[in-house]
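**Student:** Pasted the sequence and its predicted model underneath.
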Amino acid sequence: MLTFPAAVRRRFEAIVFDWDGTAVPDRHADTTDLRRVLEQLCTHGMHVAIVSGTHLGNVDGQLGARPAGPGTLLLALNRGSEVYVVDRDGPHLLDGRVATTAEDHALDTAAVAARHAFAARGLRTELVSTRLNRRKIDLIPEPDWHDPPKADIDRLLDAVTARLHAAGIEGLREAVAIAQASAREAGLADARVTSDAKHVEIGLTDKSDSARWLLGFLQREGVAPGTVLIGGDEFGPLGGVPGSDSLMLVAEAARATVVSVGKEPAGGLDPVVLLGGGPPRFGALLLDQLERRRRGALPEADEDPAWTIAFDGDAERERAVHALLTLADGRLGTRGPSLVSSATAPPAVYAAGLYDGEGPETTLLACPVWHQAPHPSTSEATLRQVLDLRTFVVHETSNDAATIHRAVRLSSVTRPGAVALRAECARGAGSACPPLLAPTDGRAAEEGSTDGTAWMRIAASEGGVTAAASQRVYPAHRDVEVLERLGVYAADPVQLPAPDAARGRLVDLEQAGFEHLFHEHRRTWAARWEDAYLGIEGDPELERSARFALGHVLACAPDDGEAAVGARGLTGPAYRGHVFWDADVFVLPVLAATRPAAARAILEYRVRRLDAARAAAGAEGHAGARFPWESARTGRDVTPQSASDRTGRVVPIRTGALEVHVVGCVAWAAAHYVDWTGDRDFAAGAGARLLAETARYWASRARRTPDGRAHLYGVIGPDEYHEPVDDNAFTNVLARWNLRRAAALDTDAITATERDEWRRVADALVDGYDPATGRYEQFAGFDGLEPLMIADVSPRRPIAADLLLGPERVRAAQVVKQADVLMLHHLLPGEVAAGSLTQNLDYYEPRTAHGSSLSPGVHAALLARAGRLDAARELLGLTARIDLDDLTDTTAGGLHLAAMASVWHALAFGFLGIRPHADHIELDPRVPSDWSALELRFRHHGRRITIRAEPERLIASADGPVSIVIGGQRYRVDTSGLRLMLRGSGHWRPTAQLNEEAV
Ligand code: IFM
């Protein structure tokens, strides 16, 4: 086999190439071999796109490929005017740009005018075709030229230049300028005028449109630009005119590898790799790609710093890195590398909602491990792991000096519960590793093997998990073989699944194969990012950290059934996988705006435990539903009742008994989901039940005093340093909102008497607000505690103030663990006293230790709302790095999912000031002057909306009509977008040339 330069000696995911002169020498060449290679490349999962100026009949007629996939064959033809997808049944038009009658007329006028201009200089030309969207003027018309082979580019250029000189035209560049002037005069402002030495063409589109379309397609397929190969034969200038293939080098292709097989008379053009050799060389390149795929070449990461995070042999932080690199699909979470196993940091797999044990001991069940591959034994081995944030695929390389081992693994978001691994290893090592290993917690696993399929099942106290996996090992090259493993998990919290439950699904997986699974997984992730794009231009490091955080939130819940999202998701064992308010008020808002079905699954988890919550309320002697502080399988409270402190002293944990605000948080989540999605069925059904039952709880728990006021006694607020407290402002105002919102529900399930009672209780609930200071007292008596600023006891935050100062001291002082009063301003800005944010920020922020990771992101959001952008950025940056830098020293136990979610809260609710309402979105953007733009995409009531906010400009667009309110003014936004400028007065105003329509 011919060798190629290092730049192309790798597996690419897609190839985009010019047809005439690159893939075929002329339009009559035999393409039997080419057809076969391209079809097989598609079968092996590569996307193939042909770019040509000519029409379908020419390219498809000559090639005749009929590929089956999973790779796609695309034809981008007629110089950027049409795109076809070709499958077994032939080509189908995907997209086409049809010239309007006026454009058609203008093209004719331009072409005739150009010919006249040439004729006036004494140059005879011909209009050789009048195909779709373009006109082509032959500079050397028949019979002057006897069909020169295009490959003979030097002769062709000489002949054309001589002819042009004879007419006093300096060269091709001037010929193009003449045609350009004609096009402009004909009214074609954005005409594309090009030359391939033989012709001058005037068109509405060109190869740059093809390239942009194709790269957009590949992006929607989840193919990173750095894994795309672009091929052509004319990149360098021809007679002073840019080579026609250089038009493919659009900005979106900046990370692609580009090769030319042409003669390139003007020499190299950065970054094109000059291969030369014409179509035969290009054919060899395609064959090389096919060979790599046949030998099981691993997909490679495009190490674009904007979309990847790499860890190099970080032994010290080994367990934290495991958490950071968790692959989750909403049902399954896998942590730990494939190529190294360590007794101190064992790999782990968890299934969502699958718990073992009873009461406070209830713990996520450790499942069979599927992802261990043969690993080098030498201790010098170093491990490099790259997480591709676009697709949540982990690429691993282990180098033990003698051999390089590599592995790629994924947890399929298209088929949650399905997993795939491909690894390169030393000959003979592949089959040494069994496909399933028992978890290291010593739990009994039953295992077996049927027809080459291994299965393993583990019973929980109720239900359990069964995994099935198969693998094949095949030679790659000399000393290397490829191990390919597919696995399926069936988890059931009620009944232990039979081996066949997993084995049956594995058969489907095996039929699909690794490449197919890889393809669909990539595409599903691309669709997620398409709805949840996040860009922070001007701060690449923050942008990447924020994408990391958002990606993990997008990965934590499935699209159907119920989602038991624990405080650490499926990324680690901390908090035993228990579900807290973290899921309802931190994770859910992000998903409601970006993956509504997953947000619905989080609510479904609560809905299915409504009976347990009713029973808990009843057991306390209250009405309604009392959701537990920590929840797991049954919906009964599983909060531990005690723990040992640093001194070994056993201290009681009272959050389970007293942190009742979670009840209102569930109601808030239901209402917030409806605000984002407009899901009427949920609102009228389960949503109404959640709101009503939680309101019943508050109404019966509130105590009246003779002065007519209502109180909630003996609770713990979000600030867990103080317990128990009376009338925690957060709890009371949340309960008040809950009662009022439920009283307003349009349902027969609530009686008029109940509504009246709820409104009366809501009106009577004390909230600790003092109009004189504009401040809420965090709970009754907080103001009388010892004033203590965090800066006086610690130079840095976050700190665990209870550990630093001791629990007694913090209990007696104004030291706040996490946003408490301020959490109200974050969740319920319409329920707190207007204008009270600043006073409460001023007072509580310096007293807050950020002893919980839930705190700094919320503060960042509020500081941004208050216009304190520098302080907001500082806390946003801290939150975004909380796990990446293991700032709390607890990341090993799993990622702080609520903190990850709060990064998005800070950007969306804080910097952009977004609020969802039933019939509009409210915006109040504040963008730091050194960010060139903050861009977020989300869904509101089914419409996809993109907001791009620059320090002084705002662009909003949507895929259908939506209403946006900015500065009290309502605008209608649709696909054509809305532009506003920030005026000197600090108000957003439409720019003059706008399409806005105030309604
Ligand atoms: O829910 C949080 C709580 O607010 C603070 N301690 C940790 C819990 C789980 O993240």
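**Tutor:** That came through fine.

**Student:** the longest helix in this protein is where?
**Tutor:** Criterion DSSP state H: the longest helix present in the chain is helix 499-532.

**Student:** Quick one: mean pLDDT over that helix.
**Tutor:** Per-residue pLDDT over helix 499-532 has a mean of 96.

**Student:** I'd like the numbering to begin with 341 instead of 1 from here.
**Tutor:** Fine by me, first position is 341 from now on; the one you just mentioned is helix 839-872.

**Student:** That helix: how far from the chain's middle?
**Tutor:** Averaging C-alpha positions (C-alpha atoms, centre = their mean, to the nearest Å) puts helix 839-872 17 Å from its chain's average.

**Student:** quick one: buried residues of that helix?
**Tutor:** 839, 841-843, 845-846, 849, 852-869, 872 (16 or more other C-beta atoms under 10 Å). The way it works is simple: take the backbone N, C-alpha and C, and place the C-beta from them, glycine included.

**Student:** Ok, stretch 794-811 next?
**Tutor:** Buried positions in stretch 794-811, judged by neighbour count with 16+ other C-beta under 10 Å: 794-800, 802-811.

**Student:** now stretch 699-719
**Tutor:** Buried, per 16+ other C-beta under 10 Å, within stretch 699-719: 700, 702-716.

**Student:** Against Leu1247, how distant is the closest residue to His387 other than its chain neighbours?
**Tutor:** Closest residue to His387 apart from its sequence neighbours, by C-beta to C-beta, 6 or more residues apart in numbering: Ala354 at 3.8 Å. Noted for Ala354: a distance of 31 Å to Leu1247, by C-beta to C-beta, to the nearest Å.

**Student:** Report the distance from the strand or helix carrying Val533 to the chain centre.
**Tutor:** Following DSSP states H and E, one finds Val533 within strand 532-535. On the basis of C-alpha atoms, centre = their mean, the separation between the geometric centre of strand 532-535 and that of its chain is 38 Å.

**Student:** Which secondary structure elements does that strand sit against?
**Tutor:** helix 512-525, strand 539-543 (3 or more C-beta pairs under 8 Å, 6 or more residues apart in numbering; DSSP states H and E).

**Student:** mind checking which of those is nearest the ligand?
**Tutor:** Of all the helices and strands packed on strand 532-535, strand 539-543 sits nearest to the ligand, with 58.7 Å by C-beta to the nearest ligand atom.

**Student:** what pairs with the closest one, and is each one parallel or antiparallel?
**Tutor:** Sheet pairing for strand 539-543, assigned by DSSP bridges, gives strand 474-478 (antiparallel), strand 532-535 (antiparallel).

**Student:** mind saving the C-alpha coords of the first one as PDB?
**Tutor:** Listed in PDB are the C-alpha atoms of strand 474-478, where the atom choice follows Å, rounded to 0.1, in the frame of the first residue of the first chain:
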ATOM      1  CA  ARG A 474     -25.600  29.900 -12.900                       C
ATOM      2  CA  ARG A 475     -24.400  30.800 -16.300                       C
ATOM      3  CA  LYS A 476     -21.100  29.600 -17.800                       C
ATOM      4  CA  ILE A 477     -19.100  31.500 -20.300                       C
ATOM      5  CA  ASP A 478     -16.500  29.500 -22.200                       C
END
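
**Student:** Can you pull the residues of this protein lying near the ligand?
**Tutor:** The chain comes close to the ligand at residues Ala907, Tyr915, Phe920, Trp921, Asp922, Pro1058, Ser1192, Leu1194, Ala1238, as judged by C-beta under 6 Å from any ligand atom.

**Student:** among those, which are in helices?
**Tutor:** In helices, judged by DSSP H, the following of the residues of the chain next to the ligand are found: Trp921, Ala1238.

**Student:** Can you pick out the most distant pair from the residues of the chain next to the ligand?
**Tutor:** Distance extremes for the residues of the chain next to the ligand: the farthest pair is Tyr915 and Pro1058 at 16.1 Å, using C-beta to C-beta.

**Student:** Of these two, which one has the most company?
**Tutor:** Between Tyr915 and Pro1058, counted using other C-beta atoms under 10 Å, Pro1058 has the larger neighbour count: 26 against 19.

**Student:** per-residue confidence at the more buried one?
**Tutor:** For Pro1058, the pLDDT comes out at 98.

**Student:** so where is the stretch 341-490 of the chain shaky, pLDDT-wise?
**Tutor:** Within the stretch 341-490 of the chain, the stretches with pLDDT under 70 are 341-342, 469-471, 482-490.

**Student:** how many neighbours does the closest residue to the ligand within it have?
**Tutor:** Nearest residue of the stretch 341-490 of the chain to the ligand (C-beta to the nearest ligand atom) works out as Glu353 at 38.3 Å. By other C-beta under 10 Å, 24 other residues sit near Glu353.

**Student:** residues contacting it?
**Tutor:** The contact partners of Glu353, taken as C-beta atoms under 8 Å, 6 or more residues apart in numbering, are Gly385, Met386, His387, Leu558, Val563, Ala564, Thr567, Val568, Pro639.

**Student:** who wins for neighbours among these?
**Tutor:** Within the contacts of Glu353, most neighbours by other C-beta under 10 Å means Met386, with 27 neighbours.

**Student:** re earlier: so the residue nearest to His387 makes contact with Pro565?
**Tutor:** No - between Ala354 and Pro565 there is no contact under C-beta atoms under 8 Å: 9.3 Å.

**Student:** and among the helices and strands packed on strand 532-535, the most buried is which?
**Tutor:** For the helices and strands packed on strand 532-535, the largest average neighbour count (mean count of other C-beta atoms under 10 Å) is found in strand 539-543, namely a mean of 25.

**Student:** Grab the nearest non-local neighbour of the residue nearest the centre of the chain.
**Tutor:** Centroid-nearest residue in the chain, with C-alpha atoms, centre = their mean: Trp869, separated by 3.7 Å. Residue nearest to Trp869 in three dimensions, not counting chain neighbours: Arg730, with 6.6 Å by C-beta to C-beta, 6+ apart.

**Student:** shaky segments in this structure?
**Tutor:** In the predicted model of the chain, residues 341-342, 469-471, 482-491, 716-720, 741-742, 1332-1339 satisfy pLDDT under 70.
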